[in-house]
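**Q** Quick check, what structure comes out for this input:
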Amino acid sequence: MPRVFIQGSGSPTEQQAAVARRIGQLLAEKGWEANVGSHGGLVPVMIESGIPCHAYLTRFRKSVDVDSLTTTIDCNQLAEPIVNYLGKAADMDRMLPWSVRLGVWMARSDAFIFFAGDKGTMAHLVPVLAWIGKALAPEGKAKKVILVGWARERVKALETLGLVTEDDEWFTTCGTGTSAIDGIMPWLTS
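**A** Here you go, the predicted model:
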């Protein structure tokens with residue numbers, strides 16, 4: 001089963017939640033599954049959409065029904081041997097599980113959808129774009145990335161950093177309207 005990584009605001013707007021729900025429904029109909037975080041507001045939305053969700057945990061939002069998740073992976077536990085080896089330097093026991101989680105998401109995702117978010121979304125997006133653009137795309141193995149509802153100036157900032165160009169066939173943006181979402185899904189799933 002192909003998997004899409006879905007990231008966005010920890011507190012999505014009603015419009016973002018509706019769009020995420022629609023994306024989840026469309027992808028579930030095509031046999032896709034979702035890699036999700038552990039505490040963002042999109043997690044319960046994706047569960048509600050009916051798409052099977054795999055959660056990679058560093059902490060967990062109490063409002064998420066853990067039993068509704070297809071699988072859960074404790075990234076704190078995965079990182080523990082590294083933390084023990086390196087010692088408990090400032091934030092090491094918090095940052096390493098977060099880094100492990102990002103690496104696992106990247107390795108286990110076939111495509112990526114990023115809703116407009118804040119610093120956490122950007123902290124995930126930048127390494128994903130750098131990895132795809134600099135390592136995978138030159139080898140013809142790029143994974144597709146969609147930015148949903150992003151302001152043009154934020155996309156321009158990513159272009160200025162050299163992470164994406166308008167000519168990248170693996171990268172696109174779309175608005176939050178139903179027709180935009182329905183129109184982008186064939187590109188993503190092809």
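**Q** What are the boundaries of the helices in the protein?
**A** 14-29, 42-49, 75-86, 92-108, 119-131, 152-160, 178-189 (DSSP state H).
**Q** Can you name the residues that contact residue 110?
**A** By CB atoms under 8 Å, 6 or more residues apart in numbering, the residues touching residue 110 are 2-4, 143. All C-beta spots, glycine's among them, are computed from the backbone N, C-alpha and C.
**Q** Buried ones among those residues?
**A** Restricting these to buried positions leaves 3-4, 143, with burial counted as 16 or more other CB atoms under 10 Å.
**Q** okay if I get those residues as CSV plus pLDDT?
**A** Formatted as CSV, the buried ones among the contacts of residue 110 follow (pLDDT from 0 to 100):
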residue, pLDDT
3, 95
4, 96
143, 96
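**Q** Out of the residues you listed, list just those in strands.
**A** Among the buried ones among the contacts of residue 110, the members found in strands (DSSP state E) are 3-4.
**Q** thinking again about what came up before, which one of the helices of the chain is the most hemmed in?
**A** helix 42-49 (a mean of 22; mean count of other CB atoms under 10 Å).
**Q** what pLDDT, on average, does that one get?
**A** The average pLDDT for helix 42-49 rounds to 91.
**Q** Next, the angle helix 14-29 makes with it.
**A** 50 degrees (axes from the mean of the first three to the mean of the last three CA atoms, to 10 degrees).
**Q** related to what we said a few turns ago, rank the helices of the chain by pLDDT, which is bottom?
**A** Minimum mean pLDDT among the helices of the chain: helix 75-86, a mean of 75.
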